[in-house]
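Undergrad: With the sequence up front, the predicted model follows.
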Amino acid sequence: MLDLQAARRDTPGCFDRVFLDSAGSSLPPTPVLETVIAHLRREAEVGGYVAADERLDDLAAVKTSLGRLFDVPASSIALTDSASRAWTSFFYAVPLLPGDRILLSQAEYAANAIAALQRAKTTGASVEVIPSDASGRIDVDALRGMLDERVKLVSVVHAPTNGGLVNPVREVADAAHAVGALVLLDACQSVGQLPVVVPELEVDALSGTGRKWLRGPRGTGFLYVRPRLITELEPAVLDLHGATWTAPEAYELAPDASRFELWETDVAGRLGLGAAVDYLLGLGVDAVTEAIAYRAGHLRDGLADIDGVTVHDLGVQRSGIVSFTVDGVDPVAVRDALAERSVTVTVSRRSSTLLDMSARELAAVVRASPHYFVSPADVDRFLAHVHDLARS
Ligand SMILES: *Cc1c(COP(=O)(O)O)cnc(C)c1O
């Protein structure tokens, strides 16, 4: 069981508001904030290079911590400045020829889909969408029917940005591997709220961000690449960190996942990311998952009971993202009315997950994403406000 009072003490931002946007950009716990600020102060004292040299071991430990979280070697982790940067740096390194096929999920995030469409345009590969089953999850049988040896990459969104769906990652990976396709997992909304254990999921790569459920700083992200794949892939963008200039006309790629990184980074943010991962490991992923599921379940059930409110979450197992609309009230107006009452939610628009939202004829949904620091009283206060909005 997670200690709610301790979690709240470490989260000053949750004292005077009901914060329900950990799927957007969460409230960092105090140790993360202190780590970032301390490093910025040190940079101002001794300069960025000396300050970073003083923390070399801690910087290396960031990858070790992420490796522990995913149960993979630290050398298979690259640190980036966002989840999209991580996703694209793997995706653009996968060789594609005319006639090759890329499969996307129905809940695909816009950034991934745009990259896939761009690569299809420049390589002659095609982009196809895996249908969903009746529950809204990836239809694994339909996927098996689509697969052949021209499928080079299958993209799976673990938990989409616009609702509580959780996709069956392992089943997708097993099916895709049967024809030799690579599986790229968008774990942006799952890392920090659900267990993401690579040897169980069997994905070839995964991308994620610091600022969402991990409660890390903005401008941080990470990529895992299966160790034996790393040396087969040449990133589309390299600098003097991912490669070494060894002769006037030659360069050598880094042997580990750092080939997917660029040299310059926000060192304070990176240390803060490490602090966020360590904070999560200290709490235990299972305790966090359970606490989020409890709060999201309470919130979702409470919304479903309010006349004039529709919950839009798909799937069987549900994530901590709750999506809903209030009859006759624009989602932006719902968000703004809640903001006036010190409740933070966001709006997820059709263009972020175009395929899924279009199929369901949704223009936008309100998104409430409670983390473990949200108290039961917070959830009740939120429900009371939504109840008032639905009545007026
Ligand atoms: C937020 C999000 C992303 C993008 O993350 P960035 O860090 O903003 O690049 C990708 N996929 C999903 C499902 C997301 O919710």
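TA: Received the coordinates, thanks. Numbers count the residues shown, from 1 in each chain.

Undergrad: so Gly302 makes contact with Leu383?
TA: Yes: with contacts counted by CB atoms under 8 Å, Gly302 reaches Leu383, the gap being 4.2 Å. Every residue, glycine included, has its C-beta placed from N, CA and C.

Undergrad: Neighbours of Leu229, how many?
TA: Neighbour count for Leu229, taken as other CB atoms under 10 Å: 16.

Undergrad: quick one: average pLDDT of the longest strand anywhere in the chain?
TA: Counting by DSSP state E, the longest strand found in the chain is strand 151-157. Here strand 151-157 scores 98 as its mean pLDDT.

Undergrad: neighbouring contacts of that strand?
TA: 91, 94-96, 100-105, 107-109, 112, 116, 125, 130, 138, 143, 167, 169, 172-173, 176, 179, 181-186, 189, 203 (CB atoms under 8 Å, 6 or more residues apart in numbering).

Undergrad: What's the separation between the nearest residue to Leu206 once chain neighbours are set aside and the ligand?
TA: Nearest non-adjacent residue to Leu206, counting by CB to CB, 6 or more residues apart in numbering: Leu185, 4.1 Å away. Leu185 sits 10 Å away from the ligand, taking CB to the nearest ligand atom, to the nearest Å as the criterion.

Undergrad: if I look at Leu185, how far off is Ser89?
TA: 14 Å (CB to CB, to the nearest Å).

Undergrad: how about stretch 91-99, does it get close to the ligand?
TA: No: Stretch 91-99 is not in contact with the ligand by CB under 6 Å from any ligand atom; minimum separation 12.1 Å.

Undergrad: neighbouring contacts of that stretch?
TA: Residues contacting stretch 91-99 (CB under 8 Å, 6+ apart): 102, 112, 115-116, 119, 123-126, 150, 152-153, 155, 182, 184, 233-237, 260.

Undergrad: Please list all residues in contact with the closest residue to Pro29 other than its chain neighbours.
TA: Nearest residue to Pro29, sequence neighbours excluded (CB to CB, 6+ apart): Asp10, at 4.2 Å. Residues in contact with Asp10 (CB under 8 Å, 6+ apart) are Pro29, Thr30, Pro31, Phe373.

Undergrad: need the strands for the stretch 1-150 of the chain, in chain order.
TA: Along the stretch 1-150 of the chain, the segments classed as strands by DSSP state E, counting those that start in this stretch run 18-19, 77-80, 101-105, 126-130.

Undergrad: For these, give me TSV that also has distance to the ligand.
TA: Converted to TSV, the strands of the stretch 1-150 of the chain look like this (distance: least, CB to the nearest ligand atom, whole Å):
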stretch	distance to the ligand
strand 18-19	17
strand 77-80	9
strand 101-105	10
strand 126-130	16
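
Undergrad: ok now the helix ranked longest in the chain, how far from the chain's centre?
TA: Assignment by DSSP state H gives helix 285-304 as the longest helix of the chain. The chain centre lies 18 Å from the centre of helix 285-304; the measure is CA atoms, centre = their mean, to the nearest Å.

Undergrad: Note down every partner strand of the helix or strand following that helix and its orientation.
TA: Once the chain leaves helix 285-304, the next helix or strand it forms, by DSSP states H and E, is strand 309-311. Strand 309-311 sits in its sheet next to strand 322-326 (antiparallel), going by DSSP bridges.

Undergrad: picking up where we left off before, can I get the strands of the stretch 1-150 of the chain in JSON lines with distance to Arg226 and mean neighbour count?
TA: Below are these laid out as JSON lines (distance: least, CB to CB, whole Å; neighbours: other CB atoms under 10 Å):
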{"stretch": "strand 18-19", "distance to Arg226": "36", "mean neighbour count": "22"}
{"stretch": "strand 77-80", "distance to Arg226": "12", "mean neighbour count": "26"}
{"stretch": "strand 101-105", "distance to Arg226": "18", "mean neighbour count": "24"}
{"stretch": "strand 126-130", "distance to Arg226": "21", "mean neighbour count": "17"}
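
Undergrad: which parts of this protein sit against the ligand?
TA: 82-84, 109, 111, 157, 160-161, 186, 188-189, 209, 221.

Undergrad: could I get the residues you listed as TSV with neighbour count?
TA: Shown next, in TSV, are the residues of the chain next to the ligand (neighbours: other CB atoms under 10 Å):
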residue	neighbour count
Ser82	20
Ala83	27
Ser84	21
Tyr109	23
Ala111	17
Val157	27
Pro160	29
Thr161	24
Asp186	28
Cys188	29
Gln189	30
Thr209	28
Gly221	23
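
Undergrad: between those residues, which is closest to Ala61?
TA: Gly221 (17.6 Å; CB to CB).

Undergrad: I'd say that closest one and Ala83 touch.
TA: Yes: at 4.7 Å, Gly221 and Ala83 qualify as touching, with contact defined as CB under 8 Å.

Undergrad: what distance separates stretch 293-311 from the centre of its chain?
TA: Distance, stretch centre to chain centre, for stretch 293-311: 23 Å (CA atoms, centre = their mean).

Undergrad: Which of the residues in it are classified as buried?
TA: Within stretch 293-311, the residues that count as buried by 16 or more other CB atoms under 10 Å are 293-300, 302-303, 306, 309, 311.

Undergrad: Looking at those, which is nearest the ligand?
TA: Ala296 (15.6 Å; CB to the nearest ligand atom).

Undergrad: In contact with the closest residue to the closest one other than its chain neighbours, which residues?
TA: Excluding the flanking residues, the one nearest Ala296 by CB to CB, 6+ apart is Gly320, at 4.4 Å. By CB under 8 Å, 6+ apart, the contact set of Gly320 is Ser22, Ala23, Gly164, Gln193, Trp213, Ile292, Ala293, Arg295, Ala296, Ser369, Pro370, His371.
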